[in-house]
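> All I have is the shape, not the residue letters:
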C-alpha cells in the first residue's frame, strides 16, 4: 500500500444490537417492542421489530462486503464507536467508516491528517450526507484510495479551549452548558459585547452542522415567535443559513435564555468570522460541561473558574470524495 501503512475500520452497533444488550436476548427485545406496539393499537405489532431486524441485516451485509474488499495481507484494525476516545490513530492509517453519518462526526474529531473513506451501508435508510460512497462501489474505490487516487474534501471543525489547556474539537457542534436539565450560568463575551446569562446552554455549529442541531433551534425559535405574536409561521429555507463544509465561520445560538435581574438575553445569536472567538466564563459551582457532536461521555468539566474560548479549529477533516 504505497499511500497508507494500515487500515482502521470504524463500525457501530446497530439499533437491534443496542436493544439486545438492553433486554439480554433477541426474543426479549422483540417481545418488548410488540407489547409496546400493541398498547398503541398499531395494526402490525411486529413491524417495528422487523424494521430493526432489516436495518441490522443490511448493515451486517455491508460489513461482510467491506471485509471481503480489504486487500489480502493488509494490516487492518476494527474498532467500535465506543472505543474511539481511547484509540490512538496512526498518521499513516486510512480510516474507513461504515456509516451512518453520525459515525463520521464521532470519528473525525479524534483524527489529525488521516483520510476518511466513508461508506453508506444502507442508502434506503441512511441519508448519507457525510457518506460520499455507497457500499456497492467498495470493490472499486478502496483500491484506488489505497493508491492515493481519489480527491479529498476539507471539512472545518470548531474547537473549545479551556484555560487549563484542555481542548475539544467538534465536526458538527459544541454544546456548552449544564450536564443535567437545569439552567447553565455563565458570562458570554463576543468582541466588545458581554453579558451574564442563564440558559439551557449554547450551541456552536460548523458548516457541516449548520443543518443539524442548529437547524432545529431555528425551526423551534420561529414557531415560538409566530405563536406568541399570532402571526403566520414562516421559517427560512435551510439554504439561507446553510454553510459549506469548508466554511471558516461558526454559528452560535443560546438556547432558552432567561431574562432576570442578573441575566440578559441580548447576546443570543451570532456568526463568528474566521479569527473571532466567543469567550465563556462559567458561573456554575458544579455540573457544567462542554461536549461535542453529542458525545456526552467525552465531556470537559466547565465549572466555576473555567473559561472556554470557542473558535474555528486549525485542523481540518479530510474526507475522500468521488
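Here it is on my side, so go on. As the structure is a prediction and not an experimental result, all values here were calculated from the model.
> Quickly find the element holding residue 77.
strand 76-80 (DSSP states H and E).
> Let me know the next secondary structure element after that strand.
strand 93-98.
> Can you name every helix or strand that that following strand contacts?
Using 3 or more Cβ pairs under 8 Å, 6 or more residues apart in numbering; DSSP states H and E, the elements in contact with strand 93-98 are strand 6-11, helix 47-69, helix 101-108, strand 115-120, helix 138-146. Placement of C-beta: from N, CA and C, glycine included.
> try 10 Å
Identification of packing neighbours for strand 93-98 by 3 or more Cβ pairs under 10 Å, 6 or more residues apart in numbering; DSSP states H and E yields strand 6-11, helix 47-69, strand 76-80, helix 101-108, strand 115-120, helix 138-146, strand 307-320.
> Show me which residues of the last one are buried.
Of the residues in strand 307-320, those scored as buried under the neighbour-count criterion (16 or more other Cβ atoms under 10 Å) are 307-308, 310-313, 315-320.
> Flag the shaky bits of the stretch 201-322 of the chain, pLDDT-wise.
Across the stretch 201-322 of the chain, nothing is flagged by pLDDT under 70.
> those strands in it, which residues are they?
Remark: strands assigned in the stretch 201-322 of the chain by DSSP state E, counting those that start in this stretch are 202-205, 250-254, 269-272, 278-282, 288-292, 300-301, 307-320.
> wait, which of those is closest to residue 156?
strand 307-320 (6.4 Å; Cβ to Cβ).
> that older thread, neighbouring contacts of the strand holding residue 77?
6-13, 63, 67, 70, 86-87, 89-90, 93-96, 98, 107 (Cβ atoms under 10 Å, 6 or more residues apart in numbering).
> from the residues you listed, which would you call buried?
Applying 16+ other Cβ under 10 Å to the contacts of strand 76-80 flags 7-12, 63, 89, 93-96, 98, 107 as buried.
> and of those residues, the nearest to residue 75?
residue 7 (6.9 Å).
> Give me the local confidence score for that closest one.
Residue 7 carries a pLDDT value of 96.
> For residue 73, see how far away it is.
11 Å (Cβ to Cβ, to the nearest Å).
> got it, and residue 275?
47 Å.
> what about residue 178, neighbour count?
Neighbours of residue 178 under the rule other Cβ atoms under 10 Å: 21.
> and it, what does it touch?
Counting by Cβ under 10 Å, 6+ apart, residue 178 touches 184-186, 199-201, 282, 284, 286-289, 302.
> Can you select the buried ones from the residues you listed in ChimeraX?
With 16+ other Cβ under 10 Å as the criterion, this ChimeraX line picks the buried residues out of those:
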select :184,185,186,199,200,201,282,284,288,289,302
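> Any chance of CSV for the contacts of residue 178, columns distance to residue 49?
Shown next, in CSV, are the contacts of residue 178 (distance: Cβ to Cβ, whole Å):
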residue, distance to residue 49
184, 39
185, 44
186, 44
199, 40
200, 35
201, 35
282, 44
284, 42
286, 41
287, 38
288, 40
289, 35
302, 40
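> of the contacts of residue 178, closest to residue 39?
Among the contacts of residue 178, residue 200 lies closest to residue 39 (Cβ to Cβ), at 31.8 Å.
> which residues of the stretch 1-150 of the chain score low on pLDDT?
Looking at the stretch 1-150 of the chain by pLDDT under 70, you get 1-2, 40-47.
> distance of the residue nearest to residue 297 when sequence neighbours are not counted from residue 222?
Using Cβ to Cβ, 6 or more residues apart in numbering and skipping the chain neighbours, the partner closest in space to residue 297 is residue 85 (7.6 Å). The gap separating residue 85 from residue 222 is 36 Å, by Cβ to Cβ.
> re the thing from before, tabulate the strands of the stretch 201-322 of the chain (a markdown table), appending distance to residue 117.
A markdown table is the format used below for the strands of the stretch 201-322 of the chain (distance: least, Cβ to Cβ, whole Å):
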| stretch | distance to residue 117 |
| --- | --- |
| strand 202-205 | 25 |
| strand 250-254 | 27 |
| strand 269-272 | 30 |
| strand 278-282 | 33 |
| strand 288-292 | 22 |
| strand 300-301 | 30 |
| strand 307-320 | 5 |
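> Among the ones you listed, single out whichever gets nearest to residue 147.
Here strand 307-320 is closest among the strands of the stretch 201-322 of the chain (Cβ to Cβ), at 12.2 Å.
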